[in-house]
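Engineer: Please find the sequence and the predicted model below.
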Amino acid sequence: MNHISIMKGGVTAPKGFQAAAAAAGIKYRGRDDMALVYSQKPCQAAGVFTTNVVKAAPVKWDKKVVDTSPFAQAVVVNSGIANACTGQEGYDCCVKTAKAAGELLHIPEDSVLVASTGVIGAQIPLDRIQEGVKLLAAGLGADEAHGTAAAQAIMTTDTRRKETAVTVEIGGKTVTVGGMCKGSGMIHPNMATMLCFVTTDAAISHEMLQKALSDDVEDTFNMISVDGDTSTNDSVLLLANGMAENAVIEGEGPDYDSFCGALHQVMLKLSQMIAGDGEGCTCLFEVTAVGCASKEQARTLAKSVVTSSLTKAAIFGHDANWGRILCAMGYSGADFDPEKVDIFFESQAGKLKIVENGTSTGYSEETATKILSQEKVTCTMDVKMGDASATAWGCDLTFDYVKINADYRS
């Protein structure tokens, strides 16, 4: 696999992609609340969507575009209202939004993807979103600032924008992958109330693009959790316009592996940004299961601990309450011998083994508290059954999480 270089920027980093942000007043006042991502050339499109039976109107529209349209070329996003549980009127809003964008950008309406995030159950004011589309189409730009503005516009309870980009050499050509996402609450494996938009100038077939995305989601966005709630709007969309002019990737091999490596770097960084910006959180909580008999066992154990409310509360209190971790492992459904488990805590302040073969090591509580008081805390569980491992990401559970979600609609 070729060397991957991190670069500044987000969705506008790859060749041929532009972005814009606009204030449409859909819910928020005094800030941008709509974004547009546009490619100069038609794109292969791939998507992964929520597993929630209750699917927002944009999810239904985007699944149709990804599955049946010959290409995609633009994404229109709004924040503030999720357009979920809105019936036929909500779906019609997606169609009309795509139509308005298509006319202004001179592309087919079925090449326009639509995404929404915010309050569930409210109808989007169509006149405002159509006016917003006009502002977006007129404000497109390919520089980093336009990409950053778009990343900022899609935020809801996020405290910071989330964007990243990388380059990799494929077939003698420089291929760029960039992305932006939003997500802070209603985040749980099986994707999260998160919208993620990834762009690339790689030349790759639809089939291989979809495979790359679907496979990578399993180790990135499906391994994060903030609060255990799987949203109605979860979407990861990936557009590839081929403008890097590498030989088209049509099957597995070194070029495909290099592309997947670059995609993974972008997806991993974005998913960690979401986990570390959980509503009200004070730290990124990383959980790694090692010494496992299978990847499935490792994922199950890591997810169970990262989603445990009691463990998350202990992390917030800087309390090395390892009994909660062992308990969460025990109800995960994965089979292991608790009397062989070692548990470690690690951060910038050091690394400490707190459990050996299922019992306390007699560690220093003072040292443990120092380790747990950092902005990123890692818990590693070794079940001593094999060589498989997996990592999940989450955050601590704080008083502010309840405050934010107690009055989200008002």
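Structural biologist: Cool, got the structure. Residues are numbered from 1 along each chain as shown.
Engineer: what's the neighbour count on residue 321?
Structural biologist: The tally of other residues near residue 321 (other Cβ atoms under 10 Å) stands at 17. From N, CA and C alone the C-beta is placed, and that goes for glycine too.
Engineer: That one: what's it in contact with?
Structural biologist: Residue 321 makes contact with 310-311, 314 under the criterion Cβ atoms under 8 Å, 6 or more residues apart in numbering.
Engineer: Point out where this structure drops to low pLDDT.
Structural biologist: Low-confidence regions of the chain, defined by pLDDT under 70, span residues 184-193, 226-231, 278-280, 407-410.
Engineer: and if we set it to 80?
Structural biologist: 1, 51, 157, 183-193, 225-233, 276-282, 398-410 (pLDDT under 80).
Engineer: So which residue is dead centre in it?
Structural biologist: The centre of the chain sits closest to residue 271, judged by Cα atoms, centre = their mean, with a distance of 4.2 Å.
Engineer: so residue 244, which of the three states?
Structural biologist: Secondary structure assignment for residue 244 (DSSP: H, G, I helix; E, B strand; the rest coil): coil.
Engineer: doesn't residue 172 make contact with it?
Structural biologist: No: contact status for residue 244 versus residue 172: not in contact, 10.3 Å apart, counting by Cβ atoms under 8 Å.
Engineer: More neighbours: the two, which one.
Structural biologist: residue 244 (23 against 8).
Engineer: The more buried one and residue 371: what is the separation?
Structural biologist: Going from residue 244 to residue 371 by Cβ to Cβ, to the nearest Å gives 43 Å.
Engineer: try residue 18
Structural biologist: From residue 18 to residue 371 the distance is 45 Å (Cβ to Cβ).
Engineer: just the strands in the stretch 301-410 of the chain please.
Structural biologist: Using DSSP state E, counting those that start in this stretch, the strands of the stretch 301-410 of the chain run over residues 342-347, 350-356, 359-360, 376-382, 388-395.
Engineer: With the stretch 1-150 of the chain instead?
Structural biologist: 4-7, 17-22, 34-49, 72-81, 112-119.
Engineer: ok, back up a step: Serialize the strands of the stretch 301-410 of the chain to TSV and add fields for distance to residue 320 and mean neighbour count.
Structural biologist: Listed next are the strands of the stretch 301-410 of the chain as TSV, based on distance: least, Cβ to Cβ, whole Å; neighbours: other Cβ atoms under 10 Å:
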stretch	distance to residue 320	mean neighbour count
strand 342-347	6	20
strand 350-356	6	17
strand 359-360	10	12
strand 376-382	10	21
strand 388-395	17	25
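Engineer: so who does the residue nearest to residue 242 when sequence neighbours are not counted touch?
Structural biologist: Distance criterion Cβ to Cβ, 6 or more residues apart in numbering; nearest residue to residue 242, sequence neighbours excluded, is residue 203 at 3.7 Å. By Cβ under 8 Å, 6+ apart, the contact set of residue 203 is 240, 242, 244-249.
Engineer: between the residues you listed, which has the most around it?
Structural biologist: Ranking the contacts of residue 203 using other Cβ under 10 Å puts residue 240 first, with 30 neighbours.
Engineer: okay but that residue is in contact with residue 200, surely?
Structural biologist: Yes: at 4.8 Å, residue 240 counts as touching residue 200 under the criterion of Cβ under 8 Å.
Engineer: Now list the buried members of the contacts of residue 321.
Structural biologist: Buried residues within the contacts of residue 321, counting neighbours by 16 or more other Cβ atoms under 10 Å: 311, 314.
Engineer: which of the contacts of residue 321 lies closest to residue 284?
Structural biologist: Nearest to residue 284 among these: residue 311, at 14.1 Å, using Cβ to Cβ.
Engineer: Contacts only, for that closest one.
Structural biologist: 305, 321, 324-325, 328.
Engineer: before we move on, back to that, kindly indicate which of the contacts of residue 321 lies nearest residue 177.
Structural biologist: Comparing the contacts of residue 321 against residue 177 with Cβ to Cβ places residue 311 closest, at 33.6 Å.
Engineer: Now for the closest residue to that closest one other than its chain neighbours: which residues touch it?
Structural biologist: Distances taken as Cβ to Cβ, 6+ apart put residue 324 closest to residue 311, at 4.6 Å, once the chain neighbours are dropped. By Cβ under 8 Å, 6+ apart, the contact set of residue 324 is 308, 310-311, 314.
Engineer: Please apply the same query to residue 216.
Structural biologist: Contacts of residue 216 (Cβ under 8 Å, 6+ apart): 260, 263-264, 267.
Engineer: would it count as being in a helix?
Structural biologist: Yes: Residue 216: assigned to a helix according to three-state DSSP.
Engineer: I'd like the next helix or strand past the helix or strand residue 272 falls within.
Structural biologist: Counting by DSSP states H and E, the element that carries residue 272 is helix 254-275. For helix 254-275, the following helix or strand on the C-terminal side (DSSP H and E) is strand 284-292.
Engineer: Could you check the angle that following strand makes with strand 342-347?
Structural biologist: Here strand 284-292 runs at an angle of 150 degrees relative to strand 342-347 (axes from the mean of the first three to the mean of the last three Cα atoms, to 10 degrees).
Engineer: Restrict strand 284-292 to CA atoms and write it as CSV.
Structural biologist: Extracted C-alpha coordinates of strand 284-292, given in CSV (Å, rounded to 0.1, in the frame of the first residue of the first chain):
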residue,chain,number,x,y,z
LEU,A,284,-12.7,10.7,23.9
PHE,A,285,-13.0,7.2,25.3
GLU,A,286,-11.2,4.5,23.2
VAL,A,287,-11.8,0.9,24.0
THR,A,288,-9.7,-1.9,22.5
ALA,A,289,-10.3,-5.6,22.9
VAL,A,290,-7.2,-7.7,22.2
GLY,A,291,-6.2,-11.4,22.4
CYS,A,292,-9.6,-12.3,20.9
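Engineer: Fine, thanks again, bye for now.
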